[in-house]
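K.L.:
One predicted model, sequence on top.
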2 protein chains.
Amino acid sequence: LANKRGTELDRLRLVLVRTHNPLNIGAAARAMSNFGVLHLRVVRPYDVAFREARSAVGAAKLLKDAPQFDSVAEAVADCSLVVGTTAAENRELHHSLRRLEAGAKLIRRELQSKNNVALLFGSEKRGLLNEDLAHCHWLMRIPTRDEHGSMNLGQAVAVSLYEIVRDAKAPAAREKTKAANAGEVERISTMLLEALRESGYLKTSSLPADDKIRRLVRRLAIPADDAEVWLGILRQILWKIRDQVKSTKR
Amino acid sequence: LANKRGTELDRLRLVLVRTHNPLNIGAAARAMSNFGVLHLRVVRPYDVAFREARSAVGAAKLLKDAPQFDSVAEAVADCSLVVGTTAAENRELHHSLRRLEAGAKLIRRELQSKNNVALLFGSEKRGLLNEDLAHCHWLMRIPTRDEHGSMNLGQAVAVSLYEIVRDAKAPAAREKTKAANAGEVERISTMLLEALRESGYLKTSSLPADDKIRRLVRRLAIPADDAEVWLGILRQILWKIRDQVKSTKR
């Protein structure tokens, strides 16, 4: 499965258009490496020394291998789907605009159909220009809040790639902890009840009161590995209480 | 709905523990502001000047308001769920480890139950230490690839918050473009067929060949707003072809 996913992501090209800050190109490269998207393309970067970006921790090769283009047209020539990213929700757009959640689904589908996909990010200040958008089939927007929509480039790349590789079917809970079984829980409950009676917390032994405590203990969901420790603690407390009782009687 | 979501996120505290680089604290603050998570807490940052971080574009107030603590215990005291983040998948952990997709669901559920939740991020180099993890109910991991698991702190914060605020039910396609209706498409097809015959692309008028072209046009999904433009283009081409034909006959 991991290999199949890898082959699909191998058809995704991330295209940075007129990026000003080499640190941002480096940050984008690092996020790409984190999520297994390894084809970076750069269109007219402002700083020719971008390949030395120190922010590309663990992604130096990816950055070195990134081909450089003079135009968006050349950078996306081998892609059958070209998606632009934008921070603007209400901008005058001549394209369909999709939220990242929905757009990522369509991108995954295209990759699964063995087609190359280009994902475009514009410059830090102005984003993608109309001449870049002319090459896009549709646009995608990260759901940031209206009051502060504009994301840092490296963070926008990370979030976008995460959504494309995320697994909607990830198990809801992968518990490492095995819960204590009913017998252990009952032993703990019994010992706690004894301690509560000895301590005077429970005046008499009434079934409703006892059951209330039992339910209290069960709601703890005690891990199996911890059951013995809890029994030890209660045993010690019980011993101490009884010792106290004895002392005061003396 | 947006307000309800806002109230829920108001119960989420993002806690940065022993962060070295003020730029990273600033980047975390910016991502928080982007996604509407406004309560930052800082435990023992290495640089006391972190509040001046220039990377906090648009989030200076959030950064200024961030209370500073001496210990994780104090920073999470008002939270009923404390979640630690980790890059390590196979580390010797005494906690349940959940993928971000699954963990975010549980965090959302807790916030909806009107409980405060703390989300902890450790230092850039060593992450959260065992003494920090002791305060966590469980741990969460961003699904990066094994070969390069460690993310930049600002990017990890952005991805985590995105997953917590993302909308699983976002509409799959919010089309701005209305497709041309069947009549318009047929007019375009007819004119194209005429042009193809006049140009010699189609030798004779055969029904199978014509239908092939009709299907070709229908697969274009021409937007309604563009139909007239396409007709105009074809009309012009057709006129030119006929003109040529006339000239050569002369």
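P.N.:
Yep, that arrived.

K.L.:
Does the residue nearest in space to the middle of chain A belong to a helix, a strand or coil?
P.N.:
Among the residues of chain A, the one closest to the centroid is A:Tyr162, at 7.1 Å (Cα atoms, centre = their mean). Secondary structure state of A:Tyr162, per DSSP: H, G, I helix; E, B strand; the rest coil, is helix.

K.L.:
which residues does the residue lying closest to it once chain neighbours are set aside contact?
P.N.:
Of all residues not flanking A:Tyr162 in the chain, B:Val159 sits nearest, at 4.6 Å (Cβ to Cβ, 6 or more residues apart in numbering or on different chains). Using the backbone N, CA and C atoms, a C-beta is placed for each residue, glycine as well. Under the criterion of Cβ atoms under 8 Å, 6 or more residues apart in numbering or on different chains, the contact list for B:Val159 reads A:158-159, A:162, B:100, B:142, B:151.

K.L.:
Closest one to A:Ala134 out of those residues, please.
P.N.:
For the contacts of B:Val159, the closest approach to A:Ala134 (Cβ to Cβ) belongs to A:Val159, at 25.4 Å.

K.L.:
what does the longest helix that chain A contains contact?
P.N.:
Longest helix of chain A, by residue count under DSSP state H: helix A:227-249. Contact with helix A:227-249 is made by A:180, A:184-185, A:187-188, A:191-192, A:194-195, A:198-199, A:222, as judged by Cβ under 8 Å, 6+ apart.

K.L.:
Which of those fall in helices?
P.N.:
Those of the contacts of helix A:227-249 lying in helices (DSSP H): A:184-185, A:187-188, A:191-192, A:194-195, A:198-199.

K.L.:
returning to what we had before: closest to chain B out of the contacts of helix A:227-249?
P.N.:
A:Ile222 (14.2 Å; Cβ to the nearest Cβ).

K.L.:
Counting neighbours, what do you get for the closest residue to that closest one other than its chain neighbours?
P.N.:
Leaving aside its chain neighbours, A:Ile222 sits nearest to A:Ala180 (4.5 Å; criterion: Cβ to Cβ, 6+ apart). Neighbourhood size, A:Ala180 [other Cβ atoms under 10 Å in any protein chain shown]: 24.

K.L.:
what's the spacing between A:Ala180 and A:Gln236?
P.N.:
Distance of A:Ala180 to A:Gln236, computed by Cβ to Cβ, to the nearest Å: 19 Å.

K.L.:
try A:Ser206
P.N.:
A:Ser206 is 26 Å from A:Gln236, by Cβ to Cβ.

K.L.:
What's the PyMOL syntax to select whichever of the contacts of helix A:227-249 are buried?
P.N.:
Applying 16 or more other Cβ atoms under 10 Å in any protein chain shown to the contacts of helix A:227-249, the buried members can be selected in PyMOL as follows:
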select buried, chain A and resi 180+184+185+187+188+191+192+194+195+198+222
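
K.L.:
Kindly reformat the contacts of helix A:227-249 as CSV containing distance to A:Ser80 and pLDDT.
P.N.:
Putting the contacts of helix A:227-249 into CSV (distance: Cβ to Cβ, whole Å; pLDDT from 0 to 100) gives the following:
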residue, distance to A:Ser80, pLDDT
A:Ala180, 56, 76
A:Glu184, 59, 83
A:Val185, 59, 82
A:Arg187, 65, 88
A:Ile188, 62, 87
A:Met191, 68, 86
A:Leu192, 66, 87
A:Glu194, 73, 85
A:Ala195, 71, 82
A:Glu198, 76, 80
A:Ser199, 74, 78
A:Ile222, 55, 79
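
K.L.:
wait, what's in contact with the residue nearest to A:Ile222?
P.N.:
By Cβ under 8 Å, 6+ apart, the contact list for A:Ala180 reads A:188, A:222-224, A:226-227.

K.L.:
let's see it at 10 Å
P.N.:
A:186-188, A:217-218, A:220-228, A:230-231 (Cβ atoms under 10 Å, 6 or more residues apart in numbering or on different chains).

K.L.:
now these: which count as buried?
P.N.:
A:187-188, A:217-218, A:222-223, A:226-227, A:230-231.

K.L.:
from these, which is closest to A:Glu147?
P.N.:
Closest to A:Glu147, out of all of these and judged by Cβ to Cβ, is A:Pro223, at 43.3 Å.

K.L.:
these two touch, right, that closest one and A:Val185?
P.N.:
No: the pair A:Pro223 / A:Val185 is not scored as a contact, 11.1 Å apart, by Cβ atoms under 10 Å.

K.L.:
any common contacting residues for these two?
P.N.:
With Cβ under 10 Å, 6+ apart, A:Pro223 and A:Val185 have common neighbours A:179, A:230.

K.L.:
In chain A, what residue spans correspond to strands?
P.N.:
A:12-17, A:39-43, A:68-69, A:81-85, A:97-99, A:117-121, A:138-141 (DSSP state E).

K.L.:
so the fourth one versus strand A:117-121, what angle?
P.N.:
Right, strand A:81-85. 20 degrees (axes from the mean of the first three to the mean of the last three Cα atoms, to 10 degrees).

K.L.:
Pull up the pairing partners for strand A:81-85, direction included.
P.N.:
Here strand A:81-85 is paired, per DSSP bridges, with strand A:117-121 (parallel), strand A:138-141 (parallel).

K.L.:
The ones you listed: lowest mean pLDDT?
P.N.:
Lowest mean pLDDT within the strands paired with strand A:81-85: strand A:138-141, at a mean of 94.

K.L.:
how far is that strand from where the chain is centred?
P.N.:
Centroid separation for strand A:138-141 versus its chain: 21 Å, with Cα atoms, centre = their mean, to the nearest Å.

K.L.:
same thing with stretch A:183-192?
P.N.:
Taking mean C-alpha positions (Cα atoms, centre = their mean), stretch A:183-192 and its chain are 39 Å apart.

K.L.:
Isn't A:Asn24 up against A:Val157?
P.N.:
Yes: with contact defined as Cβ under 10 Å, A:Asn24 and A:Val157 form a contacting pair (8.6 Å).

K.L.:
More neighbours: the two, which one.
P.N.:
For A:Asn24 and A:Val157, the more surrounded residue by other Cβ under 10 Å is A:Val157, and the numbers stand at 29 against 25.

K.L.:
how near is the more buried one to A:Ala27?
P.N.:
Remark: distance between A:Val157 and A:Ala27 (Cβ to Cβ) = 7 Å.

K.L.:
For the two, list the residues in contact with both.
P.N.:
Residues touching both A:Val157 and A:Ala27 (Cβ under 10 Å, 6+ apart) are B:Gln155.

K.L.:
Any regions of chain A where pLDDT drops low?
P.N.:
A:1-4, A:89-93, A:168-178, A:244-250 (pLDDT under 70).

K.L.:
ok so, going back, deepest of the strands paired with strand A:81-85, which one?
P.N.:
strand A:117-121 (a mean of 26; mean count of other Cβ atoms under 10 Å in any protein chain shown).

K.L.:
Pull the contacting residues for A:Trp12.
P.N.:
Not quite, residue A:12 is Leu, not Trp. A:32, A:35-39, A:79, A:81, A:83, A:107-108, A:110-111, A:116-119, A:161, A:164-165.

K.L.:
now the ones in helices among the contacts of helix A:227-249 as a markdown table including distance to chain B?
P.N.:
Formatted as a markdown table, these follow (distance: Cβ to the nearest Cβ, whole Å):
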| residue | distance to chain B |
| --- | --- |
| A:Glu184 | 19 |
| A:Val185 | 19 |
| A:Arg187 | 23 |
| A:Ile188 | 20 |
| A:Met191 | 24 |
| A:Leu192 | 22 |
| A:Glu194 | 29 |
| A:Ala195 | 26 |
| A:Glu198 | 31 |
| A:Ser199 | 27 |
